[in-house]
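S.K.: Provided below for reference: sequence and predicted model.
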Amino acid sequence: MPKLSETEKEARRRRVLEGARRCFARYGYDGATVVRLERQIGLSRGAIFNWFPSKQDLFLALAAEDNTRLHALFAEEGFDALLEAVTEDEPDWLAVYLEFGRLLKADAGLRERWLAIAPPEARQRSRARIETGQAAGDLRTDMSADELGQFLGVVIDGIVSQRALGFDPPASDLVRRLVTDAIAARNQEGRG
């Protein structure tokens, strides 16, 4: 078998990831069997699992990519970009996260693996954006950057859950107004 160049290797890895994403979205985590993964990706199980040791590793790689992408969007472009991304992501793919969340809750080892692969620098960049907003006087300072980040995470997770369950997301303008009202710096004069 001829050796693949680095470019070809990366293209093959991307093919595996993109096909797996489609398969997970169509059949769910449990329903994405090896046979279905082979069909969707168009490669043999040996070719697929040459890149990822297991279906779980394959899913975790996709989830880590999404985690990094969403944190980068927030860090670089702000909440509006993050909101737009989660309202445009494939609902069937988002539903896999809910299914996988059940596995994370039930399997402490899997939860540890997930926490280990979620890149800390992505989270740190998001936190830095909040801290910069606080230092500039744009965001509340009566709460920590971590608390504001948790609040924003709850909002985004709620939208993801609604979409995954087949409901339309709330109007983006409404979410923006409510979030801005909740996290914006407050003029302390005249407030009681």
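M.R.: Okay, I see it.
S.K.: drop to CA atoms for contacts and neighbour counts, all remaining ones
M.R.: Fine.
S.K.: and residue 56, that's in a helix?
M.R.: Yes - using DSSP: H, G, I helix; E, B strand; the rest coil, the assignment for residue 56 is a helix.
S.K.: quick check: buried residues in the longest helix seen in the chain?
M.R.: Longest helix of the chain, by residue count under DSSP state H: helix 6-31. Neighbour counts over helix 6-31 (16 or more other Cα atoms under 10 Å) mark 12-13, 15-17, 19-29 as buried.
S.K.: helix, strand, or coil at residue 142?
M.R.: Three-state call for residue 142 (three-state DSSP): coil.
S.K.: what's the distance between it and residue 178?
M.R.: In this view, residue 142 and residue 178 are 18 Å apart by Cα to Cα, to the nearest Å.
S.K.: counting contacts, what elements does the longest helix of the chain pack onto?
M.R.: Judged by 3 or more Cα pairs under 8 Å, 6 or more residues apart in numbering; DSSP states H and E, helix 6-31 is in contact with helix 34-41, helix 55-77, helix 91-106.
S.K.: hmm, who's touching the second one?
M.R.: It refers to helix 55-77. Residues outside helix 55-77 that contact it (Cα atoms under 8 Å, 6 or more residues apart in numbering): 17, 20-21, 34, 52, 80-82, 85, 114, 117-119, 122-123, 125-129.
S.K.: and this protein, what are its domains?
M.R.: Using automatic domain parsing, the domain parsing of the chain gives 1-52, 54-183.
S.K.: so what's residue 129 closest to, chain neighbours aside?
M.R.: residue 75 (5.6 Å; Cα to Cα, 6 or more residues apart in numbering).
S.K.: residue ranges with poor pLDDT in this structure?
M.R.: Applying pLDDT under 70 to the chain picks out residues 1, 187-192.
S.K.: one step back: residue 173: which of the helices and strands packed on helix 6-31 is closest?
M.R.: Judged by Cα to Cα, the one of those that comes nearest to residue 173 is helix 55-77, at 16.6 Å.
S.K.: which ones are touching residue 168?
M.R.: residue 162.
S.K.: what about it, which SS state?
M.R.: Three-state call for residue 168 (three-state DSSP): coil.
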